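>>> Build me a model from this:
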Amino acid sequence: MSNTKYKKDFTIKNRIPLSTMWTANNTNKVGEDNTGAKKSFVLGWPKVNFVATFSTSSGKNTLSSSELKGKWNSFLQRYINPAKEKDHPKNIPLKIFTEDIKNCACSVTITVTNSDTVNDVINMSLLKLGITGSEKNYQLWVSSGKKEASYPLIGHEHPYGIKMNHLPASVLMPQGPEDSTSPSAFQEGFLLEQGSPENQGQFILKPRNQQERDSDQKTIKRNLVKNWAFWRRSSTRQDKQCPAPPPAKPRELFGVSLSDICDDDNLPTPILDMLSFINQKGPLTEGIFRKSASIKECRALKEKLNSGDKVNLDDESVLVVASVLKDFLRNIQGSIFSASLYDKWLGVIDQGNEEEKITATKRLLDQLPRANVVLLRYLFGVLSNIEQHSSSNQMTAYNLSVCIAPSIFCPPNSGISENNFTNKISFVQFLIENCLKIFGEDITSLLGESSMSCDNSDITDSSENPAVTAKPPPEPKPVTQLQNDAKPPPSMGPPSYISITG
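Now for the predicted structure:
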């Protein structure tokens, strides 16, 4: 995307998570006439709306402005929708304050999803307040902070994205074991944060009349909407043909199947680096895999890994790396243990003696893709090394299983009984305690020797600044890769971000 005045000078101005973006065709709401609507659409993200306008391309395969608009709109939506599917949580409680509305409560709390629009929120709020009317009669405003005046929203924006953009990281920070965070805990944090209208990201419902509608359109036109022209033709120079939207670069690491990212069944270097780093510093780090990590630092590291940026893990907290690794494991497409085998894995724990359980486990491992087995060998080698130092890190096989099982042992659906949960924990504990017999005695040395020096005195439960002070570890041994039959080059999946240049 570029400014037509500087066609050859591209500078990245914004890097926008696709899950926070929206598109809409209601350009008439932002001052465009019907003619403009045929070649334009609204593209936005929290606090910003742009009108993207297209002009007829030149060259052999001439495309009309409306065709270009359709191609780009479809291209963006094809990646925005899957990105929103990965949002967590997918719905949040949203407090709506009322202003200048007679005979109604001063506020109401509704539940919104990541795809609900401003107009949806208005209608849900009116219904809960017991007020007749619609978005034609009322308008939703948002306040960005104490020193900034509130401004009106047009109707197509997503309040979920706006609220999450304003939300402090501490609201989403798990206070206990990360994977045990309940929906009620999220709701409590959201509601506490929204308790005062002085906070950022507050939504205000106001009545709308004709005078306000005229005023609002001017405000929206001036403050919220910018116009971008896409390769518009000029009378003084001949532009090159506008190409079709480029294919996404294969670079995503999270949320895909292992077969897509494992070339010849070899794990990607970033995953091996994280496993090696945890193997070095984890065994003598108290509460590894249990203690919370800074959600801001976790997101930053995940974004770097997903974008293919070079990462120096020595600059990261081991708690952050452990949390990001759990995120990776939890989002493996189809589950590392294969969702189709879920019930069979649970059935292992009900086998007779230990040898029968080990035999049943090996039989099921033979049914997994080779890349899954490779990752399991590395992972349980690390867990075994950590468990061997449980007197220092307080992470016994049972404690590790409680913290890691929800990330690696995912049910095929959300319904899971308490008994199944207990069996899942017991099975992962069994794997840790018997991993040498199941995966081979060499698994504890696949990643080199673990660090034997780690000062836990500076480790606290602080979620914003989890500090780990460690003496310099010895140089890690070269990582051993498990070679297998060749497979086609992997596909890394769709992007999570879009870069805006100008």
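>>> looking at this protein, which helix or strand is least sure?
When the helices and strands of the chain are scored by mean pLDDT, DSSP states H and E, strand 225-230 comes last with a mean of 44.
>>> Name the next helix or strand downstream of that one, please.
Taking DSSP states H and E as the definition, the helix or strand that follows strand 225-230 towards the C-terminus is helix 258-261.
>>> Alpha carbons of that following helix, as PDB, please.
Extracted in PDB, the C-alpha atoms of helix 258-261 (Å, rounded to 0.1, in the frame of the first residue of the first chain):
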ATOM      1  CA  LEU A 258       4.300 -30.300  12.300                       C
ATOM      2  CA  SER A 259       4.500 -31.800   8.800                       C
ATOM      3  CA  ASP A 260       4.200 -28.300   7.400                       C
ATOM      4  CA  ILE A 261       7.200 -26.900   9.200                       C
END
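>>> Tell me which other helices or strands the helix or strand following that helix touches.
Using DSSP H and E, the helix or strand that follows helix 258-261 towards the C-terminus is helix 269-281. Counting by 3 or more C-beta pairs under 8 Å, 6 or more residues apart in numbering; DSSP states H and E, the packing neighbours recorded for helix 269-281 are helix 318-330, helix 370-387. For glycine as for every other residue, the C-beta is placed from the backbone atoms N, C-alpha and C.
>>> Okay, buried residues for helix 269-281 please.
By neighbour count, and taking 16 or more other C-beta atoms under 10 Å as the criterion, the buried residues in helix 269-281 are 270-281.
>>> Settle this for me: L364 is touching D343, isn't it.
No. The pair L364 and D343 does not pass the contact test of C-beta atoms under 8 Å, sitting 10.9 Å apart.
>>> Same drill for these two, tell me which one is more crowded.
Each of L364 and D343 has its neighbours counted (other C-beta atoms under 10 Å); L364 has more, 16 against 11.
>>> Between helix 370-387 and the helix or strand where the more buried one lies, find me the angle.
L364 is part of helix 354-365, with elements assigned from DSSP H and E. With axes from the mean of the first three to the mean of the last three C-alpha atoms, to 10 degrees defining the directions, helix 354-365 sits at 140 degrees from helix 370-387.
>>> Pop the domain breakdown of this protein in here.
Following the assignment in automatic domain parsing, the chain carries domains at 91-209, 258-494.
>>> and S19, which of those domains is closest to it?
Minimum separation from S19 across the domains of the chain (C-beta to C-beta) falls at domain 91-209, 7.2 Å.
>>> low-scoring stretches of the stretch 251-400 of the chain, by residue?
251 (pLDDT under 70).
>>> ok so, going back, Y79: which of the domains of the chain is closest?
Closest approach to Y79 among the domains of the chain is made by domain 258-494 (5.0 Å; C-beta to C-beta).
>>> re the thing from before, got a markdown table for the helices and strands packed on helix 269-281, with distance to A52 and mean neighbour count too?
Putting the helices and strands packed on helix 269-281 into a markdown table (distance: least, C-beta to C-beta, whole Å; neighbours: other C-beta atoms under 10 Å) gives the following:
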| stretch | distance to A52 | mean neighbour count |
| --- | --- | --- |
| helix 318-330 | 33 | 23 |
| helix 370-387 | 40 | 22 |
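>>> Against which helices or strands is the biggest helix by length in the chain packed?
Residue-count comparison of every helix in the chain, with assignments taken from DSSP state H, identifies helix 65-85 as the longest. Using 3+ C-beta pairs under 8 Å, 6+ apart as the contact test, the elements touching helix 65-85 are strand 22-24, strand 40-45, strand 48-54.
>>> What residues sit buried inside it?
Buried residues in helix 65-85, counting neighbours by 16+ other C-beta under 10 Å, are found at 65, 68-69, 71-73, 76, 79-80, 82-84.
>>> I'd say C262 and V373 touch.
No. With the criterion set as C-beta under 8 Å, C262 and V373 do not qualify as a contacting pair; they are 10.9 Å apart.
>>> still on that earlier bit, okay if I get the helices and strands packed on helix 269-281 as JSON lines plus distance to L43?
Output for the helices and strands packed on helix 269-281, formatted as JSON lines (distance: least, C-beta to C-beta, whole Å):
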{"stretch": "helix 318-330", "distance to L43": "29"}
{"stretch": "helix 370-387", "distance to L43": "38"}
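>>> list the buried ones in the helix or strand hosting K424?
Secondary-structure element containing K424, defined by DSSP H and E: helix 418-433. Using 16+ other C-beta under 10 Å as the burial criterion, the residues of helix 418-433 that qualify are 423-433.
>>> Looking at those, which is nearest M124?
Sorting these by distance to M124 puts K424 at the head of the list, at 36.9 Å, by C-beta to C-beta.
>>> show me the residues around the closest one that make contact.
For K424, the contact set (C-beta atoms under 8 Å, 6 or more residues apart in numbering) comprises 346, 405, 409.
>>> now those residues in a markdown table, with secondary structure, distance to K163 and neighbour count?
Below are the contacts of K424 laid out as a markdown table (DSSP: H, G, I helix; E, B strand; the rest coil; distance: C-beta to C-beta, whole Å; neighbours: other C-beta atoms under 10 Å):
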| residue | secondary structure | distance to K163 | neighbour count |
| --- | --- | --- | --- |
| L346 | helix | 38 | 17 |
| A405 | helix | 32 | 19 |
| F409 | coil | 32 | 25 |
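>>> TSV for those, including distance to H389?
Formatted as TSV, those follow (distance: C-beta to C-beta, whole Å):
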residue	distance to H389
L346	29
A405	20
F409	24
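>>> now E441: how far from S401?
To S401, E441 is 21 Å away according to C-beta to C-beta, to the nearest Å.
>>> From the neighbour counts alone, determine which of those two ranks first.
S401 (25 against 9).
>>> tell me the mean pLDDT over the helix or strand hosting I110?
The secondary structure element spanning I110 is strand 107-113 (assigned by DSSP H and E). Computed over strand 107-113, the mean pLDDT rounds to 89.
>>> Pull up the pairing partners for that strand, direction included.
As defined by DSSP bridges, the strand partners of strand 107-113 come to strand 91-98 (antiparallel).
>>> Alpha carbons of the strand it pairs with, in PDB - could you do that?
C-alpha atoms of strand 91-98 as PDB (Å, rounded to 0.1, in the frame of the first residue of the first chain):
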ATOM      1  CA  ASN A  91     -15.300 -13.200  23.600                       C
ATOM      2  CA  ILE A  92     -15.000 -10.700  26.400                       C
ATOM      3  CA  PRO A  93     -17.400  -8.800  28.800                       C
ATOM      4  CA  LEU A  94     -17.700  -5.200  27.600                       C
ATOM      5  CA  LYS A  95     -19.100  -2.400  29.800                       C
ATOM      6  CA  ILE A  96     -21.100   0.200  28.000                       C
ATOM      7  CA  PHE A  97     -21.700   3.500  29.700                       C
ATOM      8  CA  THR A  98     -24.800   5.600  28.800                       C
END
